[in-house]
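Enquirer: Take this sequence and fold it.
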Amino acid sequence: MFKFSSAVVLSAFAFISNASATQPSSYAGQEQREIKALAPEEIQSYLAGKGAGLAKAAELNHYPGPAHVLELADQLQLNKEQKARTKAIFDAMQKAAVRQGKALIEKEQELDRQFAAGVVTADSLRSTLKQIGELQAEVRRSHLQAHIEQQAILTMAQIAKYDELRGYSSQNNADHGHHSHKH
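Expert: Residues are numbered from 1 along each chain as shown. Below is the predicted model of the structure:
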């Protein structure tokens, strides 16, 4: 076992402390953001109703997303009814996600203003964070629900083709959907 004198330990600690004190925080520059907790790309994504990975649990478990199904409509050989239903699913999801994303951005702005003005309290923090969490859940639910609805109108062969076209592993494609897919 190594033994160090307290002087050696203190010297090492002082060196580490001084080194880290001269390094800027990874947050440096973010204090200029409109909403400190969100990158401009995140704000734009929420306002545009984009999924931004919110539906990975569905997407990577054989529940295709309507936006990508529409992009791949020809390769998936969608019939007219499937195309129309997919467009309706996408439009409803998009409308809900944009509305919820806007509300989420407004709540994040409110939280930021509370801190900037120095008026945040334990109660206001708890309340605002609860509302932000509920809005985040609703945005995510909108995207995930669209994947559930989308899967229900595709055949197993179309889902397997979708997974292939999207570059997902074909290891489990042969038996996907046995739990919830009725085709």
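
Enquirer: Just give the nearest non-adjacent residue to Phe90, would you?
Expert: Closest residue to Phe90 apart from its sequence neighbours, by Cβ to Cβ, 6 or more residues apart in numbering: Pro66 at 3.9 Å. Using the backbone N, CA and C atoms, a C-beta is placed for each residue, glycine as well.

Enquirer: Tell me if I'm right that the one you found and Gln150 touch.
Expert: Yes: using Cβ atoms under 8 Å, Pro66 makes contact with Gln150 at a distance of 4.9 Å.

Enquirer: what's the longest helix in this protein?
Expert: helix 80-117 (DSSP state H).

Enquirer: tell me what it is packed against?
Expert: helix 40-48, helix 66-71, helix 122-151 (3 or more Cβ pairs under 8 Å, 6 or more residues apart in numbering; DSSP states H and E).

Enquirer: How far does stretch 40-58 sit from its chain's centre?
Expert: Distance of stretch 40-58 from its chain centroid, counting by Cα atoms, centre = their mean, to the nearest Å, is 5 Å.

Enquirer: List the buried residues for that stretch?
Expert: For stretch 40-58, a neighbour-count test (16 or more other Cβ atoms under 10 Å) marks 42-43, 45-46, 49-52, 54-55, 58 as buried.

Enquirer: Neighbours of the closest residue to Tyr168 other than its chain neighbours, how many?
Expert: Of all residues beyond its chain neighbours, the one nearest Tyr168 is Leu60 (6.6 Å), with distances taken as Cβ to Cβ, 6+ apart. When neighbours are defined as other Cβ atoms under 10 Å, Leu60 has 12 of them.
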